[in-house]
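Peer 1: Any chance you can model this:
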Amino acid sequence: QVQLVESGGGLVQSGGSLRLSCAASGSIFNVLRMGWYRQAPGKQRELVASVDSRGVTNYVDSVKARFTISGDLPRKTVFLQMNSLGPEDTAVYYCYANSVARASAPYWGQGTQVTVSS
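Peer 2: Sure, this is the predicted structure:
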């Protein structure tokens, strides 16, 4: 069984910062990619940022220059440093992980709420 456990969400004022953490445990091996999606009320889930086993990162345009993803994939951990947060960043943030055996069917965390007040 595989678990992804997120932490670091919460309530912050506009312009503030939060750091999300995610750690995977259980029978997950050869992690290819880890990252974060988010889903705001009434909106579709969107990819926020990801990092692959080579260290290549990818960001949605709306968070570039504000968010930084880092990870230690052999240790199955990923972090998301979020700066200059705005109300538009309010969402549930979900961690995910792809492995060699599950390249197209990622594992998911339970989600952590990020709320940014104006």
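
Peer 1: which stretches of the protein have low pLDDT?
Peer 2: Counting by pLDDT under 70, the chain shows no low-confidence range.

Peer 1: Find the centremost residue of it, please.
Peer 2: Trp36 (2.3 Å; C-alpha atoms, centre = their mean).

Peer 1: how about the strands in the chain?
Peer 2: Shown for the chain, the strands assigned by DSSP state E span residues 2-7, 10-13, 18-26, 31-39, 46-52, 57-59, 67-72, 77-82, 91-99, 107-108, 112-117.

Peer 1: Paired strands for the second one, with orientation please.
Peer 2: This points to strand 10-13. Counting by DSSP bridges, the strands paired with strand 10-13 are strand 112-117 (parallel).

Peer 1: Would you mark the buried spots in the partner strand?
Peer 2: Residues of strand 112-117 classed as buried under the neighbour-count rule (16 or more other C-beta atoms under 10 Å) are Thr112, Val114, Val116. Using the backbone N, CA and C atoms, a C-beta is placed for each residue, glycine as well.

Peer 1: Now render these as TSV, adding distance to Ser84.
Peer 2: Below are the buried residues of strand 112-117 laid out as TSV (distance: C-beta to C-beta, whole Å):
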residue	distance to Ser84
Thr112	19
Val114	13
Val116	10
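
Peer 1: With respect to Ser99, which of these is nearest?
Peer 2: Thr112 (21.7 Å; C-beta to C-beta).
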